[in-house]
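J.: Just need the structure, nothing else, for what follows:
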Amino acid sequence: MLLAVAAAAGVALCVAVGQWLLGNWWLFAVLAAVAGGAGGVWLAQWVVGARWERVHVRGLRYTLPRLDGLHHEDFEFAVRDLLRRDGCADAVQVGGAGDNGADVTATDPLGRRWVIQCKHRQDGAAGAPVGTPDLHVLNGTGRQLHGGDVVVLVTNGRFTAGCAPLAESQKLHLVDRGTLGEWAGGARPLWELLKELPSSPGRRAATP
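T.: From the prediction side, this is the model:
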């Protein structure tokens, strides 16, 4: 008996709700219009924001004094943004504790994976030079752990005399203050400024 009463009450409630909905259908139309309008505004704002971000990245330039004045982590983000400017849409800053020698990774338009270690010097060329121990770390992790096709050490300072021959023997690439200034302050991508790059993913060096 109680079940029958409860069932009847439930049916009556459903009928009443249905009748109310039929009589006030316009409320749903208004809510749908408001939701659609809000969604359209958000989408339009997102499109505009993305467009301006692309414009900003394409026109990105850094002077060496500005790079010198950055925090070391901001220097890594600047390198990431320059790679994005050059067409590496997936460039990401990964530096930090346990980064195993990689601060920025990216894939260039040819599909080559770049693994970059950044060494920032607040005193620029007057700061302590980057030495071979940093290159040894990068050489041990850039390809083996991070899968790099192009393994690079970037600094706004200078390298010790032993870095160039070691880098050449291990197919590593050095970006010193001069090359960095040309890259950051100009419009040419980094791969146009470096020599003997692999011509495609998985190849150690380009054909001379």
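
J.: where does this structure have low pLDDT?
T.: By pLDDT under 70, the low-scoring segments of the chain are 1-11, 14, 17-18, 21, 25, 28-30, 32, 34-58, 98, 203-208.

J.: could you pull out the strands for it?
T.: Using DSSP state E, the strands of the chain run over 92-93, 104-107, 113-119, 150-155, 173-175.

J.: Which of the ones you listed sits closest to Tyr62?
T.: With CB to CB as the measure, strand 150-155 is the member of the strands of the chain nearest Tyr62 (12.1 Å). In short, each C-beta sits where N, CA and C put it, glycine included.

J.: List the contacts of the closest one.
T.: Strand 150-155 is contacted by residues 79, 108, 112-121, 130, 134-135, 138-139, 142-143, 163, 167, 171-177, 180, 190-191, 194, 197-198 when judged by CB atoms under 8 Å, 6 or more residues apart in numbering.

J.: now the angle from that strand to strand 113-119?
T.: Per axes from the mean of the first three to the mean of the last three CA atoms, to 10 degrees, the angle that strand 150-155 makes with strand 113-119 is 20 degrees.

J.: Name every strand pairing with strand 150-155 and say which way it goes.
T.: Here strand 150-155 is paired, per DSSP bridges, with strand 113-119 (parallel), strand 173-175 (parallel).

J.: Now do the phi/psi pair for Pro189.
T.: Backbone torsions for Pro189, taken as degrees, to the nearest 10, come to phi -70, psi 160.

J.: domains of the protein?
T.: If you go by automatic domain parsing, the domain ranges for the chain are 2-58, 64-192.
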